[in-house]
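In: From the sequence below, what's the structure:
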Amino acid sequence: MKRKYKCDLICYINVNVEVFMDTIKDSISFSKTKKTLDVKPPKKPSFTIETDDDFLKLHTLTLVSGKRGGGKSVATANYMRLCKDKQYFQRCWLITPTYASNKEIWNIADIEPADVLEPTVTALPEVIKLVEAEKQEWELFLQQKELYDKFHTDMKHKAIKNIKSEQLMAYYEMGLLDDPNLERPKWKYDLECPPRLALIIDDCLGTDLMARRTAGLVNTCIKHRHLSDGLGLSIFMLVQSYCAQGGVARPIRENATSLWLFKINDYNQIKKVKEEADLPVSDEDFENMCNYCHEKPYGFILIDFNPKSEDKRFRCGFDEYLHPPSLNNKELIKSKHT
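Out: Model prediction:
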């Protein structure tokens, strides 16, 4: 009876909302503007890296939450490896105070030891500086490649005396006059494209990096797609507490593009996730999905807040999509992706 009453109440509310909207339409007059002022989206979205269907959209701001020893670092390291294999990321920095004890895990992600930083107040500015250096190196490479091609065009069609002195000096500085057979500049990464960069922040709650007084982390997470004039940086933040006191700052949670939620003992945090994210499923369905995922060893529910399609919003781990009843009015469906 209780469930029937709930359904009747929902139907009553839906009907009255429709009546209310019809009333508004009847009481307000509408007229078109003289000129069409349509808002047209760009043909290609900014700040994106094309990925296969079953990978997250990039750049991502991903929160990975769960108790100690739950598998957060292992899952993140393996996802980073998969992304690097696909050339979605070419360089990754790691900020963590526990690198020495977790070195074998992070070796999975193939992170260079020189790219590991302690969570001090200078760590994030250092990463941002390195991101800018990557951008400048890319721009220099493009200039040198263009200069190389122009040199060989000039040598083919012009006499040395007809080339401007400034241009000759540029050729000289690049070494082309000393060795005309110099190889064409080659980009340092296998895929010739603007650098694809990522940052992992692991186990840093309580450190200077995530202190409430430090606004740099919040600003970086909010603007991560826009760093270095749009080069961008994907960020993975691993924490033991998603929204408890001392956990992830609310502006970061609100700007996250995905959440990997491992098993936690505090049901209130699961409820908080559902409320904050305004997920389009019932409380019961969300709890059932969490329980299903958390029954598996080191299992987690992956919530994509910006999915490529609605049926890819929820996953158990990386490779099993979940389709809750309240999303499609069917029984809970599990489907493996290929």
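In: Give me the below-cutoff pLDDT ranges for the chain.
Out: 1-36, 41-47, 212-214, 244-246, 328-338 (pLDDT under 70).
In: after the longest helix seen in it, next one along is what?
Out: Ordering each helix of the chain by length in residues (DSSP state H) puts helix 123-157 first. On the C-terminal side of helix 123-157, the closest following helix or strand by DSSP states H and E is helix 165-174.
In: I'd like to know which elements that following helix is packed against.
Out: helix 123-157 (3 or more Cβ pairs under 8 Å, 6 or more residues apart in numbering; DSSP states H and E). Every C-beta, even on glycine, is put in place using the N, C-alpha and C of the backbone.
In: Distance of Arg184 relative to Phe151?
Out: According to Cβ to Cβ, to the nearest Å, Arg184 and Phe151 sit 10 Å apart.
In: now Val121
Out: For Val121, the distance to Phe151 - Cβ to Cβ - is 46 Å.
In: of those two, who's got more company?
Out: Phe151 (20 against 13; other Cβ atoms under 10 Å).
In: Pull the contacting residues for the more buried one.
Out: 171, 174, 176 (Cβ atoms under 8 Å, 6 or more residues apart in numbering).
In: what do you get for Leu231?
Out: Contacts of Leu231 (Cβ under 8 Å, 6+ apart): 131, 134-135, 138, 194-195, 197.
In: Please tabulate these in a markdown table and include distance to Leu238 as additional columns.
Out: Listed next are those as a markdown table, based on distance: Cβ to Cβ, whole Å:
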| residue | distance to Leu238 |
| --- | --- |
| Val131 | 20 |
| Glu134 | 23 |
| Lys135 | 26 |
| Trp138 | 29 |
| Pro194 | 26 |
| Pro195 | 23 |
| Leu197 | 18 |
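In: out of these, which is most surrounded?
Out: Leu197 leads the contacts of Leu231 on contacts (other Cβ under 10 Å) with 24 neighbours.
In: what bridges to that residue?
Out: In this entry, Leu197 is beta-bridged to Arg91, by DSSP bridges.
In: That one contacts Gly232, doesn't it?
Out: Yes: counting by Cβ atoms under 8 Å, Leu197 touches Gly232, with 7.4 Å between them.
In: tell me the SS of Leu238?
Out: Taken by DSSP: H, G, I helix; E, B strand; the rest coil, the conformation at Leu238 corresponds to strand.
In: contacting residues for it?
Out: Contacts of Leu238 (Cβ under 8 Å, 6+ apart): 64-65, 72-73, 76, 200-203.
In: Out of the residues you listed, which is nearest to Ala211?
Out: Of all the contacts of Leu238, Ala211 sits closest to Ile201, with 13.3 Å by Cβ to Cβ.
In: quick one: Pro297 is in a helix?
Out: No: with three-state DSSP as the criterion, Pro297 is coil rather than part of a helix.
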